[in-house]
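Chemist: sequence and computational prediction follow.
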Amino acid sequence: MLRSKTACWVEAMRLRTLPVSLAGVIYATGLGIATWHFRAVPAILCLLFALLAQIASNFANEYYDFKSGLDRSGRQGPRRGVTEGDITPQAMKTATFATLAIACAVGCTLVALYGEWWMYPVGIVTALGVMAYSTGPFPLSHHGLGEVAVVCFFGIIPVCLTYLLMGGVFGWWLLAAAVGIGLMGANVLIVNNYRDIDDDRSVGKRTLAVRLGTRPMSAIYMANGIIALMLTLPEWMAITPLWWIAPALYLIGHVALYLRLTRLSGKALNPLLGMTAVLMLLYSLAYLITVSTS
């Protein structure tokens with residue numbers, strides 16, 4: 001029974017999606033090394049904060065989608081513990097706010113030690129974003145704004161703040177790279193919503209995939225990867241004559257995943273979601289390793 005309960009909670013964390021929260025911080029760490037602004041402690045704390053915030057968001061999504069009647073038993077995606085009766089709603093609600101509280105404690109410590117006053121409001125907005133994705137008067141994921149939220153909270157904020165907390169200085173090049181990483185993260189959500197389009201439509205959940213349909217969403221998936229590559233290429237070009245290898249491998253992988261996206265549906269897309277997240281993580285790790293060894 002203990003193993004079963006543990007497995008249910010691990011599944012509720014949605015391990016396939018967690019590389020999205022790690023990739024932005026890892027990429028920003030690479031930027032810090034490339035510009036001689038790397039500091040290990042703030043980078044590690046940023047990584048911990050990002051991971052906890054995403055787990056809290058995943059818990060909140062499961063709890064509030066159940067509470068709103070948007071989840072149903074036997075859905076196409078991974079098993080939802082609350083909907084299937086594996087986890088009580090109260091336990092999930094408690095876990096959501098406990099995880100978010102720990103994330104906030106890490107964030108406040110991080111800003112107190114290494115940040116500036118204006119980062120506290122950004123942290124508050126991030127904490128609110130964790131909840132606003134799934135609940136509140138205008139849940140972002142229910143109104144076609146989930147992808148925009150991912151670009152902001154898994155691209156712009158983690159990349160920019162991690163770099164600044166390590167002592168870097170803001171520049172438009174940093175924002176462009178952060179948007180690029182965010183677009184890669186948005187592709188993970190696109191696969192999720194592409195898979196769930198029938199389930200979401202049946203319960204009135206108006207994701208971008210429900211609004212636009214499968215063909216436009218697959219085109220956005222493809223475009224996101226290409227634009228993301230273009231926005232992050234300048235950082236690669238500055239570090240090594242062989243800068244093009246990792247971006248080229250990313251592009252090959254991205255096209256391969258796009259082709260699979262257009263050919264699969266339903267539960268068959270579950271592995272593709274994880275692959276999209278892992279590709280994003282590998283791209284960030286490749287940059288970090290390249291700058292560290294150049």
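Modeler: Thanks, I have the structure now.
Chemist: now Tyr163: how far from Thr35?
Modeler: 8 Å (Cβ to Cβ, to the nearest Å). Placement of C-beta: from N, CA and C, glycine included.
Chemist: the two: which is more packed in?
Modeler: More crowded of Tyr163 and Thr35, by other Cβ atoms under 10 Å: Tyr163, with 29 against 18.
Chemist: residues touching the more buried one, list them.
Modeler: Ala28, Leu31, Gly32, His37, Leu174 (Cβ atoms under 8 Å, 6 or more residues apart in numbering).
Chemist: so which helix or strand takes in it?
Modeler: In this assignment (DSSP states H and E), Tyr163 forms part of helix 157-165.
Chemist: surely Leu18 touches Ala277?
Modeler: Yes - using Cβ atoms under 8 Å, Leu18 is in contact with Ala277, at 7.5 Å.
Chemist: those two: which has the busier surroundings?
Modeler: In terms of neighbours (other Cβ under 10 Å), Ala277 is the more surrounded of Leu18 and Ala277; the figures are 27 against 18.
Chemist: picking up where we left off before, with distance to Met119 as added columns, please give the contacts of Tyr163 in TSV.
Modeler: Shown next, in TSV, are the contacts of Tyr163 (distance: Cβ to Cβ, whole Å):
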residue	distance to Met119
Ala28	14
Leu31	18
Gly32	16
His37	16
Leu174	15
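Chemist: out of these, grab the one that's most surrounded.
Modeler: Ala28 (32 neighbours).
Chemist: identify the residue nearest it in space, chain neighbours excluded?
Modeler: Thr162 (3.6 Å; Cβ to Cβ, 6 or more residues apart in numbering).
Chemist: so who does the one you found touch?
Modeler: Counted by Cβ under 8 Å, 6+ apart, Thr162 has contacts Gly24, Val25, Ala28, Thr29, Gly32, Pro42, Ala43, Cys46.
Chemist: which of the residues you listed fall in helices?
Modeler: Gly24, Val25, Ala28, Thr29, Gly32, Pro42, Ala43, Cys46 (DSSP state H).
Chemist: of those residues, closest to Ala112?
Modeler: Taking Cβ to Cβ as the measure, Ala112 lies nearest Pro42 of the ones in helices among the contacts of Thr162, at 11.3 Å.
Chemist: so Ile33 versus Ala43, what's the distance?
Modeler: From Ile33 to Ala43 the distance is 10 Å (Cβ to Cβ).
Chemist: could you check the pLDDT of the residue nearest to Ala28?
Modeler: Here the pLDDT value assigned to Thr162 is 96.
Chemist: three-state assignment of Lys205?
Modeler: Reduced to three states with DSSP: H, G, I helix; E, B strand; the rest coil, the structure at Lys205 is coil.
Chemist: pLDDT wise, what is it at?
Modeler: 83.
Chemist: count the neighbours of it for me.
Modeler: With other Cβ under 10 Å as criterion, Lys205 counts 23.
Chemist: His142 is in contact with that one, correct?
Modeler: Yes - between Lys205 and His142 there is a contact under Cβ under 8 Å: 5.4 Å.
Chemist: which stretches in the protein count as helices?
Modeler: Using DSSP H, helices in the chain cover 2-13, 19-34, 40-67, 81-84, 89-114, 119-132, 146-151, 157-165, 172-195, 197-202, 208-212, 214-237, 245-263, 270-293.
Chemist: the fifth one: which residues count as buried?
Modeler: Buried residues in helix 89-114, counted by 16 or more other Cβ atoms under 10 Å: 91-93, 95-96, 99-100, 102-104, 106-107, 110-111, 114.
Chemist: I'd like the distance between the nearest residue to Leu229 once chain neighbours are set aside and Val151.
Modeler: Of all residues not flanking Leu229 in the chain, Pro247 sits nearest, at 5.7 Å (Cβ to Cβ, 6+ apart). Going from Pro247 to Val151 by Cβ to Cβ gives 20 Å.
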